[in-house]
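> any chance you could fold what I've pasted below:
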Amino acid sequence: MNWRLILLLSLFGPAVGVLTVLGVFPRGVDRFVWFVVVGVSAFAVAREEPRRALLHGALAGFITGVSSTLIQAVWVETLVANNPWMVEAMAGQPAGFDFEFFVFMLVPFIGVAGGAMTGLLAMLAARAFAARDGSRAP
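Modelled structure (predicted):
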């Protein structure tokens, strides 16, 4: 396992989490930021660890997703204060809906989704690089 690569790529999570809490991204921009994070991470994993791209990408993506969402959950009051559109989006929820609990509940799901997307894209990129280079696909 290339823990240095995994931990280096995992730093995207806290960075995006803090920027989201601070309200740096306008409504809807965060999904494009995540698109870039997943793409850069998958590309780096495919280049550095082509034989175990799925494993490395999945682990880096999982840690990235968990850390970002956990930061948002811990500082949910600041998140809501800096992102009023989130309150707007949750306005239709039933009485007693706890936004803080909801964000905490999302932590493992975002981690798994981020890991799956990053891992699969890294595996596909590693295969594409191998095919382009004329070597056997990992």
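> can you give me the buried ones in the top helix by length along the chain?
Longest helix of the chain, by residue count under DSSP state H: helix 99-133. For helix 99-133, the buried set under the neighbour-count rule, 16 or more other CB atoms under 10 Å, comprises 99, 103-104, 106-107, 110-111, 114-123, 125-126, 129-130. Where C-beta positions appear, they are placed from N, C-alpha and C, glycine not excepted.
> need the phi and psi values for G92.
Main-chain torsions, G92, degrees, to the nearest 10: phi -80, psi 10.
> actually V21, not the one I typed
phi -60, psi -40.
> which residues of the protein fall in helices?
3-10, 12-21, 30-48, 53-74, 76-82, 84-89, 99-133.
> just to revisit the earlier point, which strands and helices sit next to the longest helix of the chain?
Counting by 3 or more CB pairs under 8 Å, 6 or more residues apart in numbering; DSSP states H and E, the packing neighbours recorded for helix 99-133 are helix 30-48, helix 53-74, helix 76-82.
> now with 6 Å, please.
For helix 99-133, the packing partners by 3 or more CB pairs under 6 Å, 6 or more residues apart in numbering; DSSP states H and E come out as helix 30-48, helix 53-74.
> list the buried residues in the longest one.
It stands for helix 53-74. 53-73.
> how much space between the residue nearest the centre of the chain and V37?
Taking CA atoms, centre = their mean, the centroid of the chain lies closest to G65, which sits 3.7 Å from it. G65 is 10 Å from V37, where distance means CB to CB, to the nearest Å.
> could you give me the buried positions within stretch 76-88?
76, 79-80, 83, 86.
> how about TSV for the residues you listed, with pLDDT and distance to R31 added?
Conversion of these to TSV gives the following (pLDDT from 0 to 100; distance: CB to CB, whole Å):
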residue	pLDDT	distance to R31
V76	93	20
L79	94	16
V80	92	19
N83	92	14
M86	85	14
